[in-house]
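*Asks:* what would the 3D arrangement of this be:
(one chain, ligands or ions: 2)
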Amino acid sequence: MSTTSKTQTLPLPTENYETAWNNILKIIKDNISLQAFKTWFEPIEAVKLEKNILTIQVPSQFFYEWIEEHYISLLRKTMMRELGKDAKLEYRIVMEKNNGKKPDTTIDLPNEKTGNNKNPDVNAPAIIGGSVKNPFIIPGLKKINIDPQLYAAYTFDTFVEGDCNRLARSAGFAVAQKPGGTSFNPLVIYSAVGLGKTHLAQAIGNHIKNLHSGKTVLYVQIEKFANQFIDAMKNGHINDFIHFYQLIDVLIVDDIQFLAGKPKIQEIFFTIFNHLHQSQKQLVLTSDRPVKDLQDMDERLLSRFKWGLSADLQVPDFETRIAILEKKMYADGIELSREVVEFVAYNINTNVRELEGALTSLLAQSVLNKKEIDVELAKKIVKNFVKSVTREVSVEFIQKTVCEFYQIPYDKLKEKTRKRHVVQARQLSMYLAKNFTKNSLKSIGKHFGGRDHSTVIHSCQAVQNMVDTDIAFKEEVTELEKKISMSL
Ligand code: ADP
Ligand code: MG
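*Replies:* Ligands and ions are numbered 1, 2, ... in the order given. Down below sits the predicted model:
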């Protein structure tokens, strides 16, 4: 609201942005559902309008990402209509820390899609440090103009330490303290996907930028490097290309496994690598496998990769996974019960990216359905994430579930008794064990007091016949199947 005197005739900046935003909202409201409008647009506050750049304040990082993903083209069109074709959008994010101690913090984020920035990694948050410049269109290349292509969010502070990453993290930290001045050159960080290579490599870059502002840092994905190289070849700018990369003090190259089987790109990379290494410049490389397992690579290049230190990132253990979730929740201003956090951390145990994905889905579901996030909701969401992972229940678990259901003592399944209800429970347990586990018939038989495989086959057939003919029994089987798959 404007607090200025009413005698002013020209619209004041505050009135400008409020009017502009209200006009934009009117159009948006006509174009999306009321529910969507209430959820995603009513909480937004416009905060300023300067030179066609409208800044809006959103309640959380998640909220910002959601808008970018779902409403940006509508928002852009509407803004251009209201503010002209050069209109740009910036976000400000309120960090809700929930503890009431910290004042609200705001971050200005350049807009990925309406602004000039190109996001080199689709999974990464917004870029810091102004617009990204294409190295080839900077006339009279000056060092100072090189944008490091780093993300503010990828720092050591946000990279949770655990046994899984201690060596890589501390080597990275040492390199960041003294770039080019340790024996960790190159520093090679390797791991399977989603375990933090890009995050850690970027954290090194960000830390160097903070400590040594004079150093020219550049993060590049090798694929992008390769494309730049191909363009430079086409346009006859190969010398500019090499010259550009030789200016860098700290070169961070992500996903070098992409070099495999590309001799021309390996060659140019070799040239640049040698130049930088000889000038005591720092190289940080990431790879999805250890250097010795990289295939179709020039031996000279491989031997150089082995000069420094290789450190891997492993799957974080349960406690570290909890710590990672808690850190992300804090950063996004979300609060979840300990029970939910533990459930997610326990069940998603292969990949940090999936862990984050589950957190985002949980939040989205709870916002959209106005539902509290409890373990039930977490269960549903987590299922979508672990589907691809082969998980199995044990034969014992199936036996116990069946016994509990029919109220039969567990040991009876292994005995020779021919009592009808015990026989049925035994046969049904075998049938479920065959369908839910990868055990051989022989090994299933062993779990039932050492029965042989033909008994197991016979049991499975008997159950199948009953399922086909007895509706009440079929319902019991379905219920048991549900119980077992819930535990998966
Ligand atoms: P990679 O490059 O190995 O595929 P990323 O660096 O992209 O993996 O990590 C995937 C996601 O997991 C990122 O959002 C990253 O911030 C997060 N992440 C990975 N390891 C950690 C960690 N130790 N602490 C906090 N976040 C992590
Ligand atoms: Mg990566």
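
*Asks:* could you check the pLDDT of K6?
*Replies:* If you check K6, the pLDDT there is 42.

*Asks:* typo on my end, it should be D86
*Replies:* Looking at D86, the pLDDT reads 83.

*Asks:* my guess is it meets N52, correct?
*Replies:* Yes. Contact status for D86 versus N52: in contact at 4.9 Å, counting by CB atoms under 8 Å. All C-beta spots, glycine's among them, are computed from the backbone N, C-alpha and C.

*Asks:* of these two, which one has the most company?
*Replies:* Using other CB atoms under 10 Å as the criterion, D86 and N52 rank with N52 on top: 14 against 9.

*Asks:* mind listing what's buried along stretch 290-303?
*Replies:* Using 16 or more other CB atoms under 10 Å as the test for burial, stretch 290-303 gives 291, 294, 297, 301.

*Asks:* what sits against the nearest residue to D298 once chain neighbours are set aside?
*Replies:* Of all residues not flanking D298 in the chain, Q266 sits nearest, at 4.9 Å (CB to CB, 6 or more residues apart in numbering). Residues near Q266 by CB atoms under 8 Å, 6 or more residues apart in numbering: 259, 297-298, 301.

*Asks:* one more pass at 6 Å, please.
*Replies:* 259, 298, 301 (CB atoms under 6 Å, 6 or more residues apart in numbering).

*Asks:* neighbours around the first one, how many?
*Replies:* The local packing of L259 (other CB under 10 Å) involves 24 other residues.

*Asks:* pLDDT wise, what is it at?
*Replies:* 95.

*Asks:* how far away is it from I268?
*Replies:* L259 sits 10 Å away from I268 when distances are taken as CB to CB, to the nearest Å.

*Asks:* same question, the last one
*Replies:* When CB to CB is applied, the distance between L301 and I268 equals 11 Å.

*Asks:* about what we covered before: so which of the contacts of Q266 are in strands?
*Replies:* If you go by DSSP state E, these have nothing in strands.

*Asks:* out of these, which is nearest to ligand 2?
*Replies:* Nearest to ligand 2 out of the contacts of Q266 is L259 (CB to the ion; 15.1 Å).

*Asks:* quick revisit: same list (the contacts of Q266) but as TSV, adding distance to I334.
*Replies:* Output for these, formatted as TSV (distance: CB to CB, whole Å):
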residue	distance to I334
L259	39
D298	47
L301	44
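
*Asks:* now, which of those lie within helices?
*Replies:* L301 (DSSP state H).

*Asks:* beta-bridge partners for whichever residue of the stretch 251-400 of the chain sits closest to ligand 2, please?
*Replies:* Residue of the stretch 251-400 of the chain nearest ligand 2, by CB to the ion: D254 (5.7 Å). Beta-bridge pairing of D254 under DSSP bridges involves Q221.

*Asks:* and the pLDDT at it?
*Replies:* Listed pLDDT for D254 reads 97.

*Asks:* I'd like the numbering to begin with 48 instead of 1 from here.
*Replies:* Let's use 48 as the start, then, which means that last one is D301.

*Asks:* residues near it, how many?
*Replies:* Look at D301: counted by other CB under 10 Å, it has 23 neighbours.

*Asks:* could you report the separation of it from ligand 1?
*Replies:* 7 Å (CB to the nearest ligand atom, to the nearest Å).

*Asks:* distance check, that residue against I531.
*Replies:* Using CB to CB, D301 is found at 42 Å from I531.

*Asks:* before we move on, what about K466?
*Replies:* In terms of CB to CB, K466 sits 24 Å off from I531.

*Asks:* likewise for K418?
*Replies:* 26 Å.

*Asks:* kindly report the same for F432.
*Replies:* As judged by CB to CB, F432 and I531 stand 19 Å apart.

*Asks:* also S230?
*Replies:* In terms of CB to CB, S230 sits 54 Å off from I531.

*Asks:* the residue in the stretch 398-535 of the chain that ligand 1 sits nearest to and H246: what is the separation?
*Replies:* Here the stretch 398-535 of the chain gets closest to ligand 1 at one residue, V399, 3.5 Å apart by CB to the nearest ligand atom. Remark: distance between V399 and H246 (CB to CB) = 8 Å.

*Asks:* and if you look at L121?
*Replies:* For L121 relative to H246 (CB to CB), the value is 32 Å.

*Asks:* how about L330?
*Replies:* Going from L330 to H246 by CB to CB gives 18 Å.

*Asks:* cool, and A480?
*Replies:* For A480 relative to H246 (CB to CB), the value is 42 Å.

*Asks:* compare neighbour counts for the two and give me the winner.
*Replies:* Ranked by neighbour count (other CB under 10 Å), A480 and H246 place A480 first, with 28 against 23.

*Asks:* check the gap between that one and S487 for me.
*Replies:* To S487, A480 is 11 Å away according to CB to CB.

*Asks:* just the helices in the stretch 98-247 of the chain please.
*Replies:* Under the criterion DSSP state H, counting those that start in this stretch, the stretch 98-247 of the chain contains helices at 108-117, 119-130, 213-224, 244-258.

*Asks:* now the residue of the stretch 98-247 of the chain at minimum distance from ligand 1: closest residue in space, sequence neighbours ignored.
*Replies:* The nearest approach of the stretch 98-247 of the chain to ligand 1 comes at G243, 2.8 Å away (CB to the nearest ligand atom). Nearest residue to G243, sequence neighbours excluded (CB to CB, 6+ apart): L360, at 5.3 Å.
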